[in-house]
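Q: Here is my input; please provide its structure:
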Amino acid sequence: MSDALLHSEPSVITAGVELFTDALTAQAVPVAAVDWRPPLPGTEDDLVRVAADPRRAAANAAAVERMLAATAELVDVRPAHEALGLRRGEFLHAGPPLSWEHASGPMRGALIGALLFEGLADTPEEAESMLDSGARITLEPCHHRGAVGPMAGVVSPSMWMFELRDEANDGTAWCSLNEGLGAVLRYGAYSPDVLDRLRWMTDVLGPQLRDAVRRHGRVDVKGIVAQMVQMGDEGHNRNRAGTLMLLRELLPDLIDSDAPGTRIAEAVRFVSGNDHFFLNLVMPAGKLQTSAAAGIDGSTVVTTMARNGTDFGVQVSGTGSRWFTAPANTPDGLFLGSFGPDDANPDIGDSTICETMGIGGFAMAAAPAIVRFVGGSVPDALRTSRAMYEITLAENPAYAFPILDFSGAPTGIDVSLVARTGILPQINTGMAGRVAGTGQVGAGLVQPPQACFTAALSALADAAPPMIINDDPGHGTEDR
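A: You can find the predicted model right below:
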């Protein structure tokens, strides 16, 4: 054995310590480096319990099967009071549950704007006073109504909603219409022009889209997402191809309507000039896919990642509707105009449903142009997408990445894999201004706080059946 080592080329495998790998590489020694990482601190016992859960394999297989089978068709466009049963004074918001006292600047700005829009207050000061007192105002997460909302995600009764169906799993999901970029309500702005735009969307855009969809019939949103991922969109911060394909689908029916030509032109001009318009269809498609996996005992699959501007929250299939939260991180990226890091609010919005379904930051490799908007480099984008396969259970062939030999999108984030590898989901996102009323200040990259995943893992471990340790073949002992 020793003679062979002295007279032949060594085969070296390194794990963990990069210094050893670098030293050998510098001496022209072939090295196979294994990207080994220790588990997240404090998770060792919980990982053992979850790994030993006899339900886990079948539960995760069922969760993945439902997610991959999920469909997503646009079936209607309706006001929130009709679609979701929202009553006057009821408002939905992004992320996990939140009180006014703990709301961030952009969330406060969006809620103030929503009260002004609904005519519940005449001035921002009056709206803030109402929210402060809590009088006649109810706040609830979008996710609790089967909906999703970008950034602040505030939905009021008069706002119009896209309605999508998943016939494979008998699911329905909703999302508001996209206002565009810059100073808009979802980024916490509430100036008169923001409210005027919302009123136009309520009076003109919503009804026109409703009539067009009803005339056209169901629109295959999942099919459009599949195409756009192969055309350079990742479905979160880049939706240019998806928006134009949606417009191509509905344009004849918009034109065939009884609306005046000038109004049709307004609607078409607004949609075609808003590259993010299709984001608000990707999001409910993601909600349909991930909610299909919810409520399976023993499953470690993440069904929700969402932020409210204060906290980041996750939900997991095997723990039902329970939220696991931790303070949200602030994105790192590129800023608009004179804005800088001090102007950015912590992470906010339900749009992380895109990453939960396997696109967005997970699909960076499919959209290299996105790095010019959120920062990083093309090699970073490729490396990021490859890393996401390490924390997911399957590939979704519906969303194939050409640059990765048409590998399907990494699907089914597994809490135990996140804990075991220490790899956190990658998110690319817009950045809202920290101060209410500011609007968008930039876009960038962010990761969830690891505490969300360790807390979820601990809950799964507590819910697992007792471990049976057979020291003696004839006698078993229970050990939790």
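
Q: quick one, strands of the stretch 101-250 of the chain?
A: When assigned using DSSP state E, counting those that start in this stretch, the strands of the stretch 101-250 of the chain occupy the ranges 138-141, 147-148, 160-166, 171-176, 219-220.

Q: now the fourth one: how far from the chain's centre is it?
A: On the basis of C-alpha atoms, centre = their mean, to the nearest Å, strand 171-176 sits 14 Å off its chain's mean C-alpha point.

Q: ok, the residue lying closest to Thr123 once chain neighbours are set aside to Ala432 distance?
A: Excluding the flanking residues, the one nearest Thr123 by C-beta to C-beta, 6 or more residues apart in numbering is Leu116, at 7.9 Å. Backbone N, C-alpha and C define where each C-beta goes, glycine included. Distance, Leu116 to Ala432, using C-beta to C-beta, to the nearest Å: 18 Å.

Q: got it, and Glu355?
A: 18 Å.

Q: Settle it for me: which of these two has more neighbours?
A: For Glu355 versus Ala432, neighbours defined as other C-beta atoms under 10 Å are more numerous around Ala432 (34 against 27).

Q: nearest residue to Val155 other than its sequence neighbours?
A: Distance criterion C-beta to C-beta, 6+ apart; nearest residue to Val155, sequence neighbours excluded, is Leu92 at 4.0 Å.

Q: Pop the domain breakdown of this structure in here.
A: What the record gives for the chain is the domain set 2-34, 44-67+292-463, 70-284, from automatic domain parsing.

Q: Tabulate those in a markdown table, adding columns for mean pLDDT.
A: What follows is the domains of the chain, written out as a markdown table (pLDDT from 0 to 100):
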| stretch | mean pLDDT |
| --- | --- |
| domain 2-34 | 67 |
| domain 44-67+292-463 | 95 |
| domain 70-284 | 96 |
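
Q: got the contact list for stretch 124-143?
A: 89-100, 108, 111-112, 115-116, 120-121, 148-149, 153, 155, 190, 287, 304, 306, 308, 315, 350 (C-beta atoms under 8 Å, 6 or more residues apart in numbering).

Q: mind checking the end-to-end distance for that stretch?
A: 27 Å (C-alpha to C-alpha, to the nearest Å).

Q: go on, stretch 288-301?
A: Per C-alpha to C-alpha, stretch 288-301 runs 15 Å from first to last residue.

Q: Return the set of buried residues in that stretch.
A: The neighbour-count check on stretch 288-301 (16 or more other C-beta atoms under 10 Å) flags 288-294, 296, 298-301 as buried.

Q: Return the distance of it from the chain's centre.
A: A distance of 15 Å separates the centroid of the chain from that of stretch 288-301, by C-alpha atoms, centre = their mean.

Q: before we move on, what about stretch 324-336?
A: 13 Å.

Q: Likewise for stretch 409-427?
A: What separates the centre of stretch 409-427 from the centre of its chain is 14 Å, taken as C-alpha atoms, centre = their mean.

Q: Please enumerate the strands of the stretch 351-480 of the chain.
A: Going by DSSP E, counting those that start in this stretch, the stretch 351-480 of the chain shows strands at 392-401, 407-413, 427-432, 440-446, 467-472, 475-479.

Q: Just name the most buried of those.
A: strand 427-432 (a mean of 30; mean count of other C-beta atoms under 10 Å).

Q: Would you list the strands that it pairs with, along with their directions?
A: Applying DSSP bridges, strand 427-432 is found paired with strand 440-446 (antiparallel).

Q: Mind listing residues that contact the strand it pairs with?
A: By C-beta under 8 Å, 6+ apart, strand 440-446 touches 181-184, 187, 237, 329-336, 339, 343-344, 347, 361, 373-376, 426-433.

Q: Can you tell me which of those residues are buried?
A: 181, 183-184, 187, 237, 329-336, 339, 343-344, 347, 361, 373-376, 426-433.

Q: Any of the contacts of stretch 124-143 buried? List them.
A: 90-98, 100, 108, 111-112, 115-116, 120-121, 148-149, 153, 155, 190, 287, 304, 306, 308, 315, 350.

Q: Where helices are concerned, which of these count?
A: When DSSP state H defines the helices, the subset of these inside them is 108, 111-112, 115-116, 287.

Q: Widest-spaced pair of these?
A: Leu116 and Lys287 (27.9 Å; C-beta to C-beta).

Q: follow-up on the earlier one: closest one to Gly320 out of the ones in helices among the buried ones among the contacts of stretch 124-143, please.
A: Nearest member of these to Gly320, counting by C-beta to C-beta, is Lys287, at 16.2 Å.

Q: Pretty sure that closest one sits against Thr352.
A: No - if you go by C-beta atoms under 8 Å, Lys287 and Thr352 don't touch, sitting 11.2 Å apart.

Q: which residues are in contact with both of these two?
A: Contacts common to Lys287 and Thr352, judged by C-beta under 8 Å, 6+ apart, are absent.

Q: which residues does the residue positioned nearest the centre of the chain contact?
A: Centroid check for the chain by C-alpha atoms, centre = their mean gives Thr352 as the closest residue, at 1.5 Å. By C-beta under 8 Å, 6+ apart, the contact set of Thr352 is 305-307, 360, 425, 427, 429, 448.

Q: Export those residues to CSV and append columns for distance to Lys222.
A: Formatted as CSV, the contacts of Thr352 follow (distance: C-beta to C-beta, whole Å):
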residue, distance to Lys222
Met305, 20
Ala306, 21
Arg307, 25
Gly360, 15
Pro425, 21
Ile427, 22
Thr429, 23
Pro448, 25
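
Q: Please flag which of the contacts of strand 440-446 sit within helices.
A: Per DSSP H, the contacts of strand 440-446 map to helices at 373-374.

Q: Now do the buried residues in stretch 69-83.
A: 70-81, 83.

Q: gap between the two ends of that stretch?
A: OK, stretch 69-83 end separation, C-alpha to C-alpha: 25 Å.

Q: Spatially, which residue comes closest to Glu73, not counting chain neighbours?
A: Arg218 is the one closest to Glu73 (C-beta to C-beta, 6+ apart), at 4.3 Å.

Q: quick one, what contacts that neighbour?
A: Each residue near Arg218 by C-beta under 8 Å, 6+ apart is listed here: 73-75, 165.

Q: would you turn those residues into a markdown table with secondary structure and distance to Ser176?
A: Putting the contacts of Arg218 into a markdown table (DSSP: H, G, I helix; E, B strand; the rest coil; distance: C-beta to C-beta, whole Å) gives the following:
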| residue | secondary structure | distance to Ser176 |
| --- | --- | --- |
| Glu73 | strand | 18 |
| Leu74 | strand | 14 |
| Val75 | strand | 16 |
| Arg165 | strand | 17 |
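
Q: From those, pick the one nearest Asp45.
A: Scanning the contacts of Arg218 for proximity to Asp45, where the rule is C-beta to C-beta, the winner is Arg165, at 42.5 Å.
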